[in-house]
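K.L.:
pasting a predicted model and its sequence here:
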Amino acid sequence: MAATASVLCMSVCIHVGAASHEYIAPITMGLVLGRIDAETPSHEVVATIDDVQIQCHGERASAEVCASDFANTKNFGNEAFRVLAKYIGVFGQPQNNDQRPIAMTAPVISEGVADPGRGAAAGSAPAAETMAFLLPAAVTAATAPKPSDPRVRLRTVPPCHVAVSRFTWTCTMEVATTKAEELLATLETRGVAVTGPWRLARYNPPFTIPFLRTNEIHIPVDPATVHGSGESPK
């Protein structure tokens with residue numbers, strides 16, 4: 001007998017402040033158990049340092065929002081996700097000038113704007129948090145439909161080398177800050193030069209079992225200062 005995936009059609013309610021937004025989403029047991037079905041960025045692992053990978057990422061396009069454009073910054077995570085999801089059409093008709101649906105990718109990227117007093121290389125705490133959806137590889141910032149919501153900005157993410165630390169469980173920005181500080185300490189000990197602020201990458205929807213979730217801290221680094229073991233491209 002051929003194996004079939006178990007699929008549930010579940011009503012998912014996302015609460016944003018006093019309001020809530022409900023839509024019907026197909027949820028497979030694979031997603032609940034941590035499988036990542038969405039497109040993820042291709043990359044090359046160029047070195048490893050202990051449990052940390054040094055990855056080379058190519059150019060990608062993203063749709064991004066910034067907390068400074070939102071009145072309620074305390075609930076920025078939920079509100080930002082809702083605005084970006086509307087842009088690509090998660091909640092129904094896509095909120096862009098072409099009304100064109102765009103496939104969801106993973107991970108969702110959260111980043112802080114570096115505190116000028118400490119500098120980007122210090123991996124400082126965010127002054128204004130951002131959230132971004134990476135667009136599919138076939139879509140560029142030039143070919144992506146224009147967002148209807150002016151808070152959504154399209155940008156080109158340039159190629160970069162990043163140190164990547166992976167971990168599980170539910171991750172808030174507070175937890176991510178602690179993980180980032182641990183990774184920064186490892187990089188400092190190994191003499192790796194940091195070139196920008198850290199980012200949190202979350203790969204799973206909120207209904208994934210917490211200990212099966214995939215999260216990563218990404219820190220941009222200077223590859224010339226990396227002295228780890230090499231690996232084959234991925």
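P.N.:
That came through fine. Numbers count the residues shown, from 1 in each chain.
K.L.:
what's the average pLDDT for the strand or helix carrying Val45?
P.N.:
Taking DSSP states H and E as the definition, Val45 sits inside strand 43-49. The predicted model gives strand 43-49 an average pLDDT of 96.
K.L.:
ditto for stretch 84-104
P.N.:
Across stretch 84-104, pLDDT averages out at 96.
K.L.:
in that stretch, which residues are buried?
P.N.:
For stretch 84-104, a neighbour-count test (16 or more other C-beta atoms under 10 Å) marks Leu84, Ala85, Lys86, Tyr87, Ile88, Gly89, Val90, Pro94, Gln95, Asn96, Ile102, Met104 as buried. In short, each C-beta sits where N, CA and C put it, glycine included.
K.L.:
out of those, who's nearest Ala193?
P.N.:
Checking those against Ala193 by C-beta to C-beta gives Leu84 as the nearest, at 31.9 Å.
K.L.:
my guess is that closest one contacts Leu134. True?
P.N.:
No. Look at Leu84 against Leu134 with C-beta atoms under 8 Å: they stay out of range, at 10.6 Å.
K.L.:
so which elements touch whichever helix or strand Gly77 is part of?
P.N.:
Secondary-structure element containing Gly77, defined by DSSP H and E: helix 76-88. With contacts taken as 3 or more C-beta pairs under 8 Å, 6 or more residues apart in numbering; DSSP states H and E, helix 76-88 sits against strand 7-16, strand 60-66, strand 129-134.
K.L.:
same thing but at 10 Å, please
P.N.:
In terms of contacts (3 or more C-beta pairs under 10 Å, 6 or more residues apart in numbering; DSSP states H and E), helix 76-88 is packed against strand 7-16, strand 19-28, strand 60-66, strand 108-112, strand 129-134.
K.L.:
what distance separates the shortest one from the centre of its chain?
P.N.:
The reference is to strand 108-112. Remark: strand 108-112 is offset 5 Å from the chain centroid, using C-alpha atoms, centre = their mean, to the nearest Å.
K.L.:
repeat that for the last one.
P.N.:
Strand 129-134 has its average C-alpha position 6 Å from the chain's average C-alpha position, going by C-alpha atoms, centre = their mean.
K.L.:
who are the packing partners of it?
P.N.:
By 3+ C-beta pairs under 10 Å, 6+ apart, strand 129-134 packs against strand 60-66, helix 76-88, strand 108-112, strand 153-157, strand 199-202.
K.L.:
partners of it in the sheet?
P.N.:
Strands that pair with strand 129-134, judged by DSSP bridges, come out as strand 60-66 (antiparallel), strand 108-112 (antiparallel).
K.L.:
so which of the ones you listed is nearest Pro223?
P.N.:
strand 60-66 (18.3 Å).
K.L.:
residue nearest the middle of this protein, spatially speaking?
P.N.:
In the chain, the residue lying closest to the centroid (C-alpha atoms, centre = their mean) is Ile109, at 2.1 Å.
K.L.:
number of nearby residues for the residue nearest to it when sequence neighbours are not counted?
P.N.:
Computed as C-beta to C-beta, 6 or more residues apart in numbering, the closest residue to Ile109 that is not its neighbour in sequence is Ala132, at 4.5 Å. If you count neighbours by other C-beta atoms under 10 Å, Ala132 ends up with 24.
K.L.:
ok so, going back, just put the buried residues of stretch 84-104 in a markdown table and tack on distance to Ala176.
P.N.:
Output for the buried residues of stretch 84-104, formatted as a markdown table (distance: C-beta to C-beta, whole Å):
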| residue | distance to Ala176 |
| --- | --- |
| Leu84 | 18 |
| Ala85 | 21 |
| Lys86 | 25 |
| Tyr87 | 24 |
| Ile88 | 24 |
| Gly89 | 28 |
| Val90 | 23 |
| Pro94 | 29 |
| Gln95 | 28 |
| Asn96 | 29 |
| Ile102 | 26 |
| Met104 | 21 |
